[in-house]
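[1] Build me a structure from this.
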Amino acid sequence: MSEFLWVEKYRPKTIAETILPKELKTVFEKVISSGELPNMLFTGTAGTGKTTVAKALCNQLNLDYILINGSEEGNIDTLRGKIKQFASSVSLQGGYKVIILDEADYLNPQSTQPALRGFIEEFSKNCRFILTCNFKNRIIQPLHSRCGVYEFNTSKKDLAELCMQFLERVCSILDESNVSYKKGDLANLIMKHAPDWRRVLNELQRMSVAGTIVISTDKTDSYDVLFKHLKEKDFKKMRQWVVNNIDTDASAIFRGLYDKMIEHLRPQGVPQMVLILADYQYKHAFVADHELNVVACLTEIMANVEFK
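    You can find the predicted model right below:
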């Protein structure tokens, strides 16, 4: 099943194959050259390659590893059982073993994360830990201090180059899959979602079922249109905009609003909107219904912020 998914089938196997800023890629290449893997904490937005890098490091250093998903297997007893069972067995490769704990920011900071700190210390002789998270402020300080922290951030300067690299890769994937496309459409889709490469690949696989990639150039879903709905207090059209855009990453909407707000708000409305966005962005990590959370955020903006 995993090989059916393009994000798994075409996942980079080495650091050289990853789509990363040059400086960050160099750091990981030096880790491989040294032959020593420290405890690591990878932090950054979704789809930027954190889990891919963790797996690539283990593969290139020829280390046994286990992947545990913190959002699905974060119960303290489940986590303890998996880690102890894996850590106590002998490595088939002869070196130390690696525990990749994905989405570690979903672990309870009052119980599970302190226990994880204990596991890191208990198994320090034969295990290394790689934690990944979207929100590093949700990881307790004792874990920060026991890991090297690596931020998967992409500057505007690097983004254009990375988008070009990823464009060439998806063209190769589509050619291999006998799917027709227009390169300009692919470029627009990549720029829209970058640096969430996973999301782009998932979108393209979904579209590829018809044998051709067709990307609408309709501008009705732009943030300018959303701000128009908010200014006019048109709840129905605002909610429809959310339905059309929520798909796999609701948090991207908060960033899009933040980037465009100066163009649409009176100066006195900017600080208030920043506070509203920050509040709902934080809640986004905890709520079950992301669509409802975004609609609630936009409703509060609609009711309280002054527009031009």
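[2] Please save the CA atoms from the longest helix seen in the chain in PDB.
    Determined from DSSP state H, the single longest helix within the chain is helix 156-176. The C-alpha coordinates for helix 156-176 follow below in PDB (Å, rounded to 0.1, in the frame of the first residue of the first chain):
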ATOM      1  CA  LYS A 156      12.600  33.500   0.400                       C
ATOM      2  CA  LYS A 157      16.000  33.500  -1.100                       C
ATOM      3  CA  ASP A 158      16.200  29.700  -1.000                       C
ATOM      4  CA  LEU A 159      12.600  29.100  -1.900                       C
ATOM      5  CA  ALA A 160      12.800  29.900  -5.600                       C
ATOM      6  CA  GLU A 161      15.700  27.500  -6.100                       C
ATOM      7  CA  LEU A 162      14.100  24.700  -4.100                       C
ATOM      8  CA  CYS A 163      10.900  25.100  -6.100                       C
ATOM      9  CA  MET A 164      12.900  24.700  -9.400                       C
ATOM     10  CA  GLN A 165      14.500  21.500  -8.000                       C
ATOM     11  CA  PHE A 166      11.100  20.100  -7.000                       C
ATOM     12  CA  LEU A 167       9.600  21.100 -10.400                       C
ATOM     13  CA  GLU A 168      12.200  19.000 -12.200                       C
ATOM     14  CA  ARG A 169      11.500  16.100  -9.900                       C
ATOM     15  CA  VAL A 170       7.700  16.100 -10.300                       C
ATOM     16  CA  CYS A 171       8.100  16.400 -14.100                       C
ATOM     17  CA  SER A 172      10.200  13.300 -14.000                       C
ATOM     18  CA  ILE A 173       7.600  11.500 -11.800                       C
ATOM     19  CA  LEU A 174       4.800  12.400 -14.100                       C
ATOM     20  CA  ASP A 175       6.800  11.400 -17.200                       C
ATOM     21  CA  GLU A 176       7.500   8.000 -15.600                       C
END
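[3] quick one: average pLDDT of it?
    For helix 156-176, mean pLDDT rounds to 95.
[4] Tell me where the stretch 1-150 of the chain has strands.
    With strands called from DSSP state E, counting those that start in this stretch, the stretch 1-150 of the chain shows them at 40-43, 65-69, 97-102, 127-133, 148-151.
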